[in-house]
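Peer 1: Next input, structure requested:
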Amino acid sequence: MNDSMLLRYMLEEAVLIPAAVLCFLPMRKSFRRPALTYALAAALIPLLIVAGGFLRNAGFSNAVVYTYAVCALLFVPTWRLSRLSLGKVAFCYANAAALCTWCNMYANFLMAPIEQAIPDEPFTVQSSLVMLGSIVVIGAFFFSTLWSRLPRMQAEPFLDRAWPSLSLLPIGLTSLFAWITPLDFDAVMSGRVRAVGLSALLLFPVVMWLLFYLPWWITVHIADSLRLEQENHLLRAESLRYRELEAYMNETRTLRHDFRQHLRVLTELASSNRNDELREYLEQMQDSAVTRYERYSANPAVDAIVGFFMHQAQTSGIEIDGAFELPESLPLAEADCCVILGNLLENACFAVLPLPEEQRKIRVAVRMLSEAMLGLLVENPCGKPVRFDADGLPVSMRPGHGLGLRSVKALVDRYHGTMEISSADNRFSVHIVLFL
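Peer 2: This next block holds a predicted model:
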């Protein structure tokens with residue numbers, strides 16, 4: 001066994017360590033059990049590096065075949081340990097692979113003179129170290145993108161269905177870089193191939209960065225626009241609720257002002273034993289009594305959004321049986337809570353509308369399970385069986401429908417919560433727990 005060759009092969013396979021870091025950076029907040037995930041990675045990757053070195057030293061495989069086989073082997077457990085969809089995990093994997101493959105290719109061009117001078121050592125220890133160093137540099141260049149921009153894009157629900165298609169770009173780049181990586185260093189050293197390659201290939205990180213930055217910039221502006229629209233919807237609900245409260249207070253003030261006159265009439269009728277007229281007058285007073293104002297929640301924003309949907313439900317013949325046991329001050333953003341609750345109520349009202357009026361009943365329960373946990377349940381009857389997609393969300397044929405639940409799921413993920421959606425016995429239910 002050649003110890004120098006074994007070391008060189010192990011150094012080549014050590015690319016798995018920075019590749020895992022580049023892959024895990026944008027996924028770090030999505031792991032269901034982070035400690036277990038990192039422990040498995042810390043245990044498996046060194047073993048795979050050593051195994052790869054021995055296998056290649058024995059002549060059983062080359063670097064590309066073994067590395068890609070290991071990545072394929074680790075993909076499924078990584079996906080299962082993450083809350084991200086298959087498309088998002090595939091993009092993180094393919095992006096890390098593209099960056100590492102580029103570094104390997106650039107190291108080949110950069111170290112070609114040394115490699116050509118040592119024909120019996122097609123890829124030296126020095127070249128392996130240069131490749132690993134270039135991955136560190138490219139990782140530092142893309143750190144901000146992988147740390148914040150990519151997770152921000154993955155958190156936006158309107159991009160959820162685009163990730164499988166977006167993954168094709170880094171997969172294609174990985175294949176391209178693997179294809180143009182030189183197999184013979186003499187070809188690199190012929191003419192101006194090496195000089196042109198070293199210059200032209202430096203454009204890749206810049207182009208790749210722009211391909212990240214521009215979609216991120218568009219995503220931020222679209223997300224801000226959608227969030228502003230949601231806040232405007234909440235403000236409209238609060239305005240409607242305020243007008244209802246103002247009308248109630250004005251009616252109450254008028255009734256209180258006139259009550260002394262009513263007392264005089266009632267006293268006169270009672271003292272004169274004019275019971276028929278007394279009853280008639282009391283009936284008139286009851287008919288003109290103030291409209292009842294119902295407060296649903298101690299939190300003004302939640303009360304406003306619930307009042308808005310209660311009003312809509314009443315006009316559509318829908319009964320909402322709700323318990324909104326929330327404090328005046330919430331331990332999360334009021335807008336986020338109202339977006340979750342509003343989307344679920346809107347979906348439930350739409351789902352029961354085609355049913356007979358006696359079946360249009362929605363059950364809602366929202367309360368603090370503890371100081372750091374909020375629970376929410378929305379349940380409604382459904383006339384048809386519900387189909388679910390790969391993300392566990394209902395499939396709808398109505399254009400534009402389904403975005404609400406994706407928005408809810410994105411917010412639940414932001415608070416590291418859980419969302420369980422079930423459909424059984426013609427009942428559709430959504431159960432959410434947020435960890436605050």
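
Peer 1: for the one helix or strand residue 68 maps to, packing partners?
Peer 2: With secondary structure defined by DSSP states H and E, residue 68 is part of helix 63-81. Based on contacts counted as 3 or more Cβ pairs under 8 Å, 6 or more residues apart in numbering; DSSP states H and E, the elements that helix 63-81 packs against are helix 3-13, helix 16-24, helix 34-57, helix 86-110. Heads up, the C-betas are built off the backbone N, CA and C, glycines and all.

Peer 1: Now render the ones you listed as a markdown table, adding mean neighbour count and distance to residue 222.
Peer 2: Conversion of the helices and strands packed on helix 63-81 to a markdown table gives the following (neighbours: other Cβ atoms under 10 Å; distance: least, Cβ to Cβ, whole Å):
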| stretch | mean neighbour count | distance to residue 222 |
| --- | --- | --- |
| helix 3-13 | 18 | 41 |
| helix 16-24 | 21 | 26 |
| helix 34-57 | 15 | 30 |
| helix 86-110 | 23 | 18 |
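
Peer 1: Between those helices, which one is closest to residue 155.
Peer 2: helix 86-110 (9.9 Å; Cβ to Cβ).

Peer 1: helix or strand right after that closest one?
Peer 2: Tracing the chain C-terminally past helix 86-110 and defining elements by DSSP H and E, one meets helix 112-117 next.

Peer 1: buried residues in the host helix or strand of residue 346?
Peer 2: Assessed by DSSP H and E, residue 346 sits inside helix 334-352. By neighbour count, and taking 16 or more other Cβ atoms under 10 Å as the criterion, the buried residues in helix 334-352 are 334-345, 347-349, 351-352.

Peer 1: next one: stretch 163-170
Peer 2: For stretch 163-170, the neighbour count (16+ other Cβ under 10 Å) marks 163, 166, 167, 170 as buried.

Peer 1: try stretch 421-429
Peer 2: By neighbour count, and taking 16+ other Cβ under 10 Å as the criterion, the buried residues in stretch 421-429 are 421, 428, 429.

Peer 1: Can you list the low-confidence ranges for the stretch 51-200 of the chain?
Peer 2: Low-confidence segments of the stretch 51-200 of the chain, defined by pLDDT under 70, span residues 61-63, 117-123.

Peer 1: One more pass at 80, please.
Peer 2: Per-residue confidence of the stretch 51-200 of the chain (counting by pLDDT under 80) places the weak regions at 56-65, 67, 114-125, 156-161, 182-193.

Peer 1: how about the helix holding residue 68 as CSV, C-alpha atoms only?
Peer 2: Below are the C-alpha coordinates for helix 63-81, written out as CSV (Å, rounded to 0.1, in the frame of the first residue of the first chain):
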residue,chain,number,x,y,z
ALA,A,63,-12.9,10.5,-7.3
VAL,A,64,-15.9,11.6,-9.2
VAL,A,65,-17.8,8.3,-9.1
TYR,A,66,-17.2,7.7,-5.4
THR,A,67,-18.0,11.3,-4.3
TYR,A,68,-21.2,11.5,-6.3
ALA,A,69,-22.2,8.0,-5.1
VAL,A,70,-21.7,9.1,-1.5
CYS,A,71,-23.8,12.3,-2.1
ALA,A,72,-26.6,10.2,-3.5
LEU,A,73,-26.4,7.9,-0.5
LEU,A,74,-26.6,10.7,2.0
PHE,A,75,-29.4,12.7,0.1
VAL,A,76,-32.4,10.7,1.4
PRO,A,77,-31.5,10.8,5.1
THR,A,78,-30.7,14.5,4.8
TRP,A,79,-34.1,15.1,3.2
ARG,A,80,-35.9,13.0,5.8
LEU,A,81,-34.2,14.8,8.7
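
Peer 1: Using JSON lines, please lay out the buried residues of stretch 421-429 together with secondary structure.
Peer 2: Converted to JSON lines, these look like this (DSSP: H, G, I helix; E, B strand; the rest coil):
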{"residue": "421", "secondary structure": "strand"}
{"residue": "428", "secondary structure": "strand"}
{"residue": "429", "secondary structure": "strand"}
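
Peer 1: So which of these is the closest to residue 33?
Peer 2: Within the set of the buried residues of stretch 421-429, residue 421 lies nearest residue 33; the separation is 21.9 Å, counting by Cβ to Cβ.
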